[in-house]
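Trainee: What follows is a predicted protein model with its sequence.
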Amino acid sequence: MSSHQESPGQYTAEGVELNTDAGTGTEARARTSRVKDQISEFAQSAKSQASAAIQPITNNARSMAEEQKSRGAARIGDIAQALHSAADEMAAEVPFAADYVHTAAQKLDDTARMLRERSVDDLAQMAVEFAEERPILYIGSAIAAGFFAARLLRSSVDYDDGYEAEE
């Protein structure tokens with residue numbers, strides 16, 4: 001016989017006591033509630049720590065994107081001004097072509113203005129909305145931009161490779 005007496009409705013297994021008495025259901029619910037609260041607190045703590053760790057990276061990326069956006073707007077504005085100048089020069093000889101060039105330059109001016117006036121977040125939201133409204137055009141534009149960027153990079157690499165400084 002064992003010196004340990006068990007009350008009816010209680011069982012122990014490897015040091016864990018399981019209580020099957022109907023009167024202790026409230027205790028079990030309370031324990032379950034406490035465990036859920038602890039898990040919730042842990043999850044909230046982990047979320048806030050992750051947010052705090054990611055915040056400087058996000059701010060740095062946003063700052064870099066804003067800087068690149070400003071540079072891009074300036075470059076597009078410069079191209080638009082060059083096109084306006086070229087259109088002015090060709091206006092005497094080919095007036096209808098000059099009108100087309102002025103129109104294209106005006107579109108570039110509008111794009112540069114939009115880049116200057118809107119934040120990176122606004123531009124990202126605009127891109128998402130455009131992708132949702134016109135997915136095929138969005139994908140086609142992305143592919144065309146990729147080909148254009150690849151051509152620019154390839155031509156700049158080819159130019160650099162062909163140039164050797166004389167010693």
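Mentor: Thanks, I have the structure now.

Trainee: Just want the most central residue of this structure.
Mentor: Ala124 (7.6 Å; CA atoms, centre = their mean).

Trainee: who touches the helix or strand where it lies?
Mentor: Counting by DSSP states H and E, the secondary-structure element that holds Ala124 is helix 120-133. With CB atoms under 8 Å, 6 or more residues apart in numbering as the contact definition, helix 120-133 has outside contacts at 62, 65-66, 69, 115, 118, 137-138. For the C-beta atoms, the positions are set from N, CA and C on the backbone; glycine is no exception.

Trainee: so which of these comes closest to Arg31?
Mentor: For Arg31, the nearest member of those is Arg62. The distance, counting by CB to CB, is 45.2 Å.

Trainee: Excluding covalently adjacent residues, which one is nearest to the closest one?
Mentor: Val120 (6.0 Å; CB to CB, 6 or more residues apart in numbering).

Trainee: what about the one you found, neighbour count?
Mentor: Using other CB atoms under 10 Å, Val120 has 17 neighbouring residues.
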